[in-house]
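# here's my sequence, what's the structure:
(2 chains)
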2 protein chains.
Amino acid sequence: MNIPRSNYPRIVIIGGGFGGISLAEKLRKQEVQVVLLDKNNYHTFQPLLYQVSTGGLEPDSIAYPLRKVLNGYKNAFFRLAEVTEIMPEKRMLQTSIGELSYDYLVIATGSETNFFGNDELEKHAMAMKSIPQSLNLRSLILENFEQALLTDEYHERNALMNFVIVGGGPTGVELAGALAEIKKGILPKDYPDLDTRRAQINIIQARDHLLDAMSEKASKKAEDFLEELGVQVWKNVRVTSYDGKTVRTKTDLTFETATLIWAAGVKGATIKGIDAKELIAEGNRIKVDEYNRVIDHPEIFAIGDIACMQSEEAPKGHPMMAQPAIQQGRNLGENLIRLVNEKPLKPFVYKDKGSMATVGRNKAVCDLKNIRFQGVFAWFVWMFVHLFYLIGFKNRVVVFINWVYNYIRFDREARLIIRPYKRDYHQFKD
Amino acid sequence: MNIPRSNYPRIVIIGGGFGGISLAEKLRKQEVQVVLLDKNNYHTFQPLLYQVSTGGLEPDSIAYPLRKVLNGYKNAFFRLAEVTEIMPEKRMLQTSIGELSYDYLVIATGSETNFFGNDELEKHAMAMKSIPQSLNLRSLILENFEQALLTDEYHERNALMNFVIVGGGPTGVELAGALAEIKKGILPKDYPDLDTRRAQINIIQARDHLLDAMSEKASKKAEDFLEELGVQVWKNVRVTSYDGKTVRTKTDLTFETATLIWAAGVKGATIKGIDAKELIAEGNRIKVDEYNRVIDHPEIFAIGDIACMQSEEAPKGHPMMAQPAIQQGRNLGENLIRLVNEKPLKPFVYKDKGSMATVGRNKAVCDLKNIRFQGVFAWFVWMFVHLFYLIGFKNRVVVFINWVYNYIRFDREARLIIRPYKRDYHQFKD
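Presented below is the predicted three-dimensional model:
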């Protein structure tokens, strides 16, 4: 990789997610060389992926060019590259576009969908962790209804209109709510010749309540909201398999569906070269100390979802969400400057700003630091916070306009199959 | 295809472009059954495809769900289907989802890129007639610059930064202008470590002036605008071949480029079953009479780009643009109602509203009926007209905001490689 050597130490950041770009911004105008690597040329605002899947937002609005993040920053380089191996002993990376040496390395690769080793499930289920995956899901949802029109076979038609979401965290809850609103507001108008009352949205949660990282009140209210919207909530149910047709669970309960969306877990997106035995804690994450330093590697750091900083207040590490990533990126940025200037480092202290989830129009739940609330106001807070953290002024304006339009018109206009998701539709016939 | 038979005559429309949807809208609330077939579930606003390719607009903003066009219209059906054959003797269609009978058939399939039988060119050139094609071109442009960073080989790097547009019509001119603005405003910021001054934009026109359907003044001014922007304009040059590496012409002139965009011609997108010998006029279009009726087939009509209505004022048929399609769709809608009610038909009269093309910020050319003008005012008229004809209120607002933002910031934020366009980058090495 032909990146010129400068007199400044080279900091290589793998991944342009919340952590990676917060860190890059902190290093602006500092006496370091920054190389940002990502397999995409854009940052993805993951919390709104479910709105892309459900036709409420355009994919471009929640993506932001990584080169623009680095605009005007003379000592920074971006390369579109996938890192295939870290070689800590040589301080080198192996990537899809060649080798690269580093002085300091920051792993900010985020997380990926965790199918817990179930290959059959991974093959047939839909994931929603990237823009292409979200667009595939959007296409599949729409294709299913087009397909339902073409069959007279009762079970096949129902399976095509049956949506099963596994996982009762924010992603699952938000997606279930959005699908329920599509069922109510859009399907009867778009498919007058299909009995869309038979469309079903199921959400399956392994534990005994939804949103289990939130308060009991938020959890209960989210469940009420979903039930108001006609979503079937299944608790204490563990999915064991899905062959593209039938969802099986630990009990006799089964679901016939053409669409299983897997939102039941994530794991760190690790890279070859970090010693599996010593470094990876639960959920495939990399153990880091209070400075986000990888154990035994003083020149390698990890931030965000991939990093697991165990402490008394967070024995399993911080939640795999945007906030810890952003805060760790900023703290590490300051620490790297201290490190270069041979000053003592500042340990990371997580400021929990709370969490929130939206279920549908006027329906959201918020657990902030000192206050918990649900309903219309929570929904406005949810929108404001998401607009605030979205990158790019134009994206904010466009997303806001889409939301206002969708709210007033009970509509989602981006129901477009631009990248068809081909599959065998006739699997329910036999 | 299980579409219920009603007491009303069934009108099948193939294609949801400008012609098809103008016709469908005219038939709202009439005593006919309408079946709209399209291979996509959305209408594409083709005049703005070049802005999707150049990162100025999001693809979703220039697409509109076809089911929404038919919303609230009780007697209309949409099916996502590709028509493979027309069987006029049986009044039946063969499609990708089964057979369908019709009482009246309207062919509104539009046009496709015409490579004039040059298979090698078709294989290596980029076309820009659909949203997926435009996104492929967007990806390729961005990938080329990413790739140029990785090579030290002088010719390869220049070829990756060299863009050759063949065709001096509105599409070619608008694309050339947009690329020139990217070169000027975005490349130096996004690629500080690449000598982007070497990026070249070439536009090749076979005839002796650009925009040859417009006035001489418009043509001259468009050429001036392009040259101001640093575009190389080549006139009286005929491209003969492109092997993915070298563009050859009728003379000794050649171009080394990784990207050839073919905007040099379109042809009607015909369907098997319309007798080639008798019906197809120049450019693969279907001959129609003054009522858009296909010769010898009183129950089959063709409108828009695919239709060639020869008359004294238009000996080669009407221009293959939005306006004739929209006007023919509306006129045919009224005529079909007259036909059903056994009233005499009204011949089509084309109202030429003029034509326009934009080259860049503050730079456009307009030939309206009684007035011709160029420059800033023309540019505002161009924007207003395009917003007016764009389908969907929300799309108009979002496109407008994007334009305002791009204008103020000299920016185009949608420079995202969401669907990578893979190709062999190292073709210039040997």
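
# in the stretch 301-430 of chain A, which spans are strands?
Under the criterion DSSP state E, counting those that start in this stretch, strands of the stretch 301-430 of chain A are mapped to A:307-308, A:355-360, A:363-367, A:372-374.

# show me which residues of the stretch 101-250 of chain A sit near chain B.
Applying CB under 8 Å from any CB of the partner chain, we find that the stretch 101-250 of chain A lies next to chain B at A:131-132, A:135, A:142-143, A:146, A:149-150, A:152, A:189-193. C-beta coordinates here come from the backbone N, C-alpha and C atoms, glycine included.

# again, only using 7 Å
For the stretch 101-250 of chain A, the contact set with chain B under CB under 7 Å from any CB of the partner chain comprises A:131-132, A:142, A:146, A:150, A:152, A:189-190, A:192-193.

# which two among the residues you listed are spaced furthest apart?
A:I131 and A:D152 (36.1 Å; CB to CB).

# between the two, which has more neighbouring residues?
Set side by side, A:I131 and A:D152 show more neighbours around A:I131, with 23 against 7, by other CB atoms under 10 Å in any protein chain shown.

# neighbours of the nearest residue to A:M87 once chain neighbours are set aside, how many?
Closest residue to A:M87 apart from its sequence neighbours, by CB to CB, 6 or more residues apart in numbering or on different chains: A:G273 at 5.9 Å. Using other CB under 10 Å, the number of residues around A:G273 comes to 17.

# so where's the stretch 1-150 of chain A shaky on pLDDT?
By pLDDT under 70, the stretch 1-150 of chain A has no low-scoring segment.

# so which residues of it form helices?
For the stretch 1-150 of chain A, the helices defined by DSSP state H, counting those that start in this stretch cover A:18-26, A:49-53, A:66-69, A:119-124, A:131-148.

# check those helices for me and report the most buried one.
helix A:49-53 (a mean of 26; mean count of other CB atoms under 10 Å in any protein chain shown).

# how's chain A carved up into domains?
A:10-39+A:81-113+A:266-340, A:119-264+A:354-420 (automatic domain parsing).

# pipe the ones you listed into CSV and attach distance to B:K220 per row.
Formatted as CSV, those follow (distance: least, CB to CB, whole Å):
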stretch, distance to B:K220
domain A:10-39+A:81-113+A:266-340, 45
domain A:119-264+A:354-420, 35
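
# wait, what's in contact with the spatially closest residue to A:L175 that is not a sequence neighbour?
Spatial nearest neighbour of A:L175, chain neighbours left out: A:Y50 (4.5 Å); criterion: CB to CB, 6+ apart. Going by CB atoms under 7 Å, 6 or more residues apart in numbering or on different chains, A:Y50 touches A:128, A:171, A:174-175, A:178.

# which of those residues sits closest to chain B?
A:M128 (14.9 Å; CB to the nearest CB).

# that closest one: neighbour count?
Neighbour tally, A:M128, other CB under 10 Å: 23.

# now A:F377
Using other CB under 10 Å, A:F377 is surrounded by 12 other residues.

# on that earlier part again, in a markdown table: the helices of the stretch 1-150 of chain A, plus distance to A:T249.
A markdown table is the format used below for the helices of the stretch 1-150 of chain A (distance: least, CB to CB, whole Å):
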| stretch | distance to A:T249 |
| --- | --- |
| helix A:18-26 | 34 |
| helix A:49-53 | 23 |
| helix A:66-69 | 41 |
| helix A:119-124 | 12 |
| helix A:131-148 | 22 |
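
# so which bits of stretch A:407-425 are buried?
Within stretch A:407-425, the residues scored as buried using 16 or more other CB atoms under 10 Å in any protein chain shown are A:411-421, A:423, A:425.

# what lies in contact with that stretch?
For stretch A:407-425, contacts defined as CB under 7 Å, 6+ apart pick out A:54-58, A:135-136, A:139-140, A:142-143, A:147, A:182, A:185-186, A:361, A:405-406, B:40-42, B:59-60, B:63, B:65, B:131-132, B:392, B:394, B:419.

# correct me if wrong: A:Q51 contacts A:P59.
No. Using CB atoms under 7 Å, A:Q51 is not in contact with A:P59, being 9.9 Å away.

# between these two, what contacts are shared?
Between them, A:Q51 and A:P59 share no contacting residue, judged by CB under 7 Å, 6+ apart.

# mind saving the C-alpha coords of the strand or helix carrying A:L226 as CSV?
Element membership for A:L226 (DSSP states H and E) is helix A:216-228. Output in CSV follows, covering the C-alpha atoms of helix A:216-228 (Å, rounded to 0.1, in the frame of the first residue of the first chain):
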residue,chain,number,x,y,z
GLU,A,216,-39.0,-3.2,33.5
LYS,A,217,-41.3,-0.4,32.8
ALA,A,218,-39.8,0.2,29.3
SER,A,219,-40.0,-3.5,28.6
LYS,A,220,-43.6,-3.8,29.6
LYS,A,221,-44.7,-0.7,27.7
ALA,A,222,-42.8,-1.7,24.5
GLU,A,223,-44.7,-5.0,24.7
ASP,A,224,-48.0,-3.2,25.1
PHE,A,225,-47.2,-1.0,22.1
LEU,A,226,-46.4,-3.9,20.0
GLU,A,227,-49.6,-5.7,20.9
GLU,A,228,-51.6,-2.6,20.2
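
# now find how far off-centre it is within its chain.
The chain centre lies 22 Å from the centre of helix A:216-228; the measure is CA atoms, centre = their mean, to the nearest Å.

# repeat that for stretch A:237-249.
Averaging C-alpha positions (CA atoms, centre = their mean) puts stretch A:237-249 23 Å from its chain's average.

# what does it contact?
With CB under 7 Å, 6+ apart, stretch A:237-249 has contacts from A:120-121, A:124-125, A:164, A:166, A:204, A:206, A:250, A:253-257, A:260, A:427-428.

# surely the residue nearest to A:M87 touches A:V83?
No. Contact status for A:G273 versus A:V83: not in contact, 8.9 Å apart, counting by CB under 7 Å.

# what helix or strand is A:E156 located in?
Using DSSP H and E, A:E156 falls within helix A:154-160.

# between the two ends of stretch A:117-136, how far is it?
Start and end residues of stretch A:117-136 are separated by 22 Å (CA to CA, to the nearest Å).

# sketch out the low-pLDDT regions of the stretch 201-350 of chain A for me.
Scanning the stretch 201-350 of chain A for pLDDT under 70 picks out the ranges A:276-278.

# ok, now which ones touch the residue in it that chain B sits nearest to?
Among the residues of the stretch 201-350 of chain A, A:A258 lies closest to chain B, at 15.9 Å counting by CB to the nearest CB. With contacts defined as CB under 7 Å, 6+ apart, the neighbours of A:A258 are A:144, A:159-160.
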